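J.: structure of the sequence below:
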Amino acid sequence: MSVKLNLTHTYIADMVIVLKAPNGNVFNLDAVINRTGGAGANFVNTVISSAGTTLLSAGAPPYTGTFAPDAAGATFVAAGFTFLVVLHHLPVTYQM
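T.: Prediction:
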């Protein structure tokens with residue numbers, strides 16, 4: 001399985017990118033980037049593939065090339081219609 005991304009964003013740690021299988025299983029494609037702060041911009045012709053040899057977390061922005069997924073579930077099997085979900089997740093800060 002592989003997913004190719006072209007995503008422009010100034011701070012990728014704000015993004016949540018997951019695959020959701022028909023049975024409800026969710027596979028987080030950018031889990032490690034978000035945990036490590038994710039400073040940097042863009043996915044440019046980024047392929048996340050079970051055939052990748054370099055972990056996505058070992059790359060650097062703009063993430064270009066083929067990477068192995070960091071998250072458990074690299075053997076994710078999408079039997080049926082699978083959703084690619086990309087969300088902008090930015091914590092709200094209030095100032096008084």
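
J.: CA only for contacts and neighbour counts going forward, please
T.: Will do.

J.: quick check: next helix or strand after the helix or strand bottoming out on mean pLDDT in the chain?
T.: Counting by mean pLDDT, DSSP states H and E, the chain has its least confident helix or strand at helix 31-35, which shows a mean of 61. Next along the chain after helix 31-35, taking DSSP states H and E as the criterion, comes strand 43-49.

J.: can you pull out the residues in contact with that following strand?
T.: Strand 43-49 is contacted by residues 1-8, 29, 56, 61-69 when judged by CA atoms under 8 Å, 6 or more residues apart in numbering.

J.: how about residue 53, phi and psi?
T.: Main-chain torsions, residue 53, degrees, to the nearest 10: phi -110, psi -20.

J.: gap between it and residue 64?
T.: Separation of residue 53 from residue 64 (CA to CA, to the nearest Å): 14 Å.

J.: helices or strands up against the one helix or strand residue 87 maps to?
T.: Using DSSP H and E, residue 87 falls within strand 83-88. For strand 83-88, the elements it packs on are strand 15-20, judged by 3 or more CA pairs under 8 Å, 6 or more residues apart in numbering; DSSP states H and E.

J.: so which bits of the next helix or strand after the strand it packs on are buried?
T.: Using DSSP H and E, the helix or strand that follows strand 15-20 in sequence is strand 26-28. Of all the residues in strand 26-28, those buried under the rule 16 or more other CA atoms under 10 Å are 26-28.

J.: closest to residue 83 among the residues you listed?
T.: Ranked by distance to residue 83 (CA to CA), the buried residues of strand 26-28 are led by residue 26 at 9.5 Å.
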